[in-house]
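Asker: Have a look at this fold, sequence not included:
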């Protein structure tokens, strides 16, 4: 049997662990931050609010499980230097999270979707309208679609490539998508979280949910700080301007004193 000449054996480019190790070393503490955030998304999805409908809970569980797998897939693409493939898969992430947000706003559309009926298909634009009125999300989706639809949108490299600036950008995109998913899960739980924050909840009756919510809210706050710091290190002027518009001068002082 004839062998494939060595110069055509591209498999080694994918099996080479040195690039993966180099990217992981570059990510540093961000690797643990990613896995901590994956755990946080799952924990938050397990909060059993008495106010959430059965259908919305089923949709939340289904979409979160898919989102977790997709997010890990995205992270693996970052770690392998497969930039194009990251962007293709990341678009799926945005579709999953935005669909949960849509169902929070339009719970009457869940039943048909759960049954897999044709009218249950929710168009991407409808989802984006639920997220932010089809503004920033539309621009992002349009860019991602350039990659997903196999247009000539970027240069590709067999076996992947390590570009530090791209790793930084893609990691922030992924981290922010996970933050957003957590926020949408909070919204799915609705009045339960509102009552908790106002101290109006029967904590003894809902002790398990309250325990998880305590952990989730604390960890989410820490995650947000980590996200802002990483964003600041990449684009300080943009982040400071945004914080100033929101009147968050405490965070501005904190960032400006970072060493």
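Answerer: Perfect, I can see it now. Computed from a predicted model, the values in this text were never measured in an experiment. Numbers count the residues shown, from 1 in each chain.
Asker: excluding its backbone neighbours, what's nearest residue 244?
Answerer: residue 252 (6.6 Å; Cβ to Cβ, 6 or more residues apart in numbering). Any C-beta I mention is one placed from the backbone N, CA and C, and that applies to glycine too.
Asker: Which strand or helix spans that neighbour?
Answerer: helix 249-256 (DSSP states H and E).
Asker: Distance from the chain centre to that helix, please.
Answerer: Put simply, helix 249-256 sits 25 Å off its chain's centre (Cα atoms, centre = their mean, to the nearest Å).
Asker: got the buried residues for that helix?
Answerer: 251-252, 255 (16 or more other Cβ atoms under 10 Å).
Asker: measure the residue lying closest to residue 83 once chain neighbours are set aside to residue 179 for me?
Answerer: The shortest distance from residue 83 to any non-neighbouring residue, by Cβ to Cβ, 6+ apart, is to residue 166 (5.5 Å). Distance, residue 166 to residue 179, by Cβ to Cβ, to the nearest Å: 20 Å.
Asker: how about the helices in this structure?
Answerer: Per DSSP state H, the chain carries helices over the ranges 11-15, 17-27, 30-45, 54-80, 83-105, 110-114, 124-132, 136-148, 164-189, 191-197, 207-234, 236-245, 249-256.
Asker: Let me have the ones you listed in CSV, extended by mean pLDDT.
Answerer: Converted to CSV, the helices of the chain look like this (pLDDT from 0 to 100):
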stretch, mean pLDDT
helix 11-15, 79
helix 17-27, 92
helix 30-45, 96
helix 54-80, 95
helix 83-105, 93
helix 110-114, 90
helix 124-132, 87
helix 136-148, 81
helix 164-189, 94
helix 191-197, 81
helix 207-234, 91
helix 236-245, 88
helix 249-256, 87
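Asker: any chance of these in TSV, with distance to residue 157 too?
Answerer: As requested, those are exported to TSV (distance: least, Cβ to Cβ, whole Å):
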stretch	distance to residue 157
helix 11-15	9
helix 17-27	11
helix 30-45	22
helix 54-80	11
helix 83-105	8
helix 110-114	38
helix 124-132	29
helix 136-148	14
helix 164-189	11
helix 191-197	45
helix 207-234	23
helix 236-245	29
helix 249-256	35
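Asker: Pick the most buried one from these.
Answerer: helix 83-105 (a mean of 22; mean count of other Cβ atoms under 10 Å).
Asker: Can you name every helix or strand that that helix contacts?
Answerer: Here helix 83-105 touches helix 54-80, helix 124-132, helix 136-148, helix 164-189, going by 3 or more Cβ pairs under 8 Å, 6 or more residues apart in numbering; DSSP states H and E.
Asker: Let me have these in CSV, extended by distance to residue 243.
Answerer: Output for those, formatted as CSV (distance: least, Cβ to Cβ, whole Å):
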stretch, distance to residue 243
helix 54-80, 26
helix 124-132, 19
helix 136-148, 18
helix 164-189, 16
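Asker: quick one, which of the helices of the chain is nearest to residue 4?
Answerer: Closest to residue 4 of these is helix 11-15 (Cβ to Cβ; 9.4 Å).
Asker: ok so, going back, contacts made by the helix holding residue 252 with the rest, please.
Answerer: By Cβ atoms under 8 Å, 6 or more residues apart in numbering, the residues outside helix 249-256 that reach it are 225, 228-229, 232, 236, 239-240, 243-244.
Asker: I'd like the distance between the residue nearest to residue 244 and residue 5.
Answerer: For residue 252 relative to residue 5 (Cβ to Cβ), the value is 60 Å.
Asker: Could you do residue 225 as well?
Answerer: Taking Cβ to Cβ, one finds residue 225 at 53 Å from residue 5.
Asker: do residue 145 as well
Answerer: On the measure of Cβ to Cβ, residue 145 and residue 5 end up 38 Å apart.
Asker: and what of residue 163?
Answerer: Going from residue 163 to residue 5 by Cβ to Cβ gives 30 Å.
Asker: Between those two, point out the one with more neighbours.
Answerer: Neighbour count, other Cβ atoms under 10 Å: between residue 163 and residue 5, residue 163 has more, with 14 against 7.
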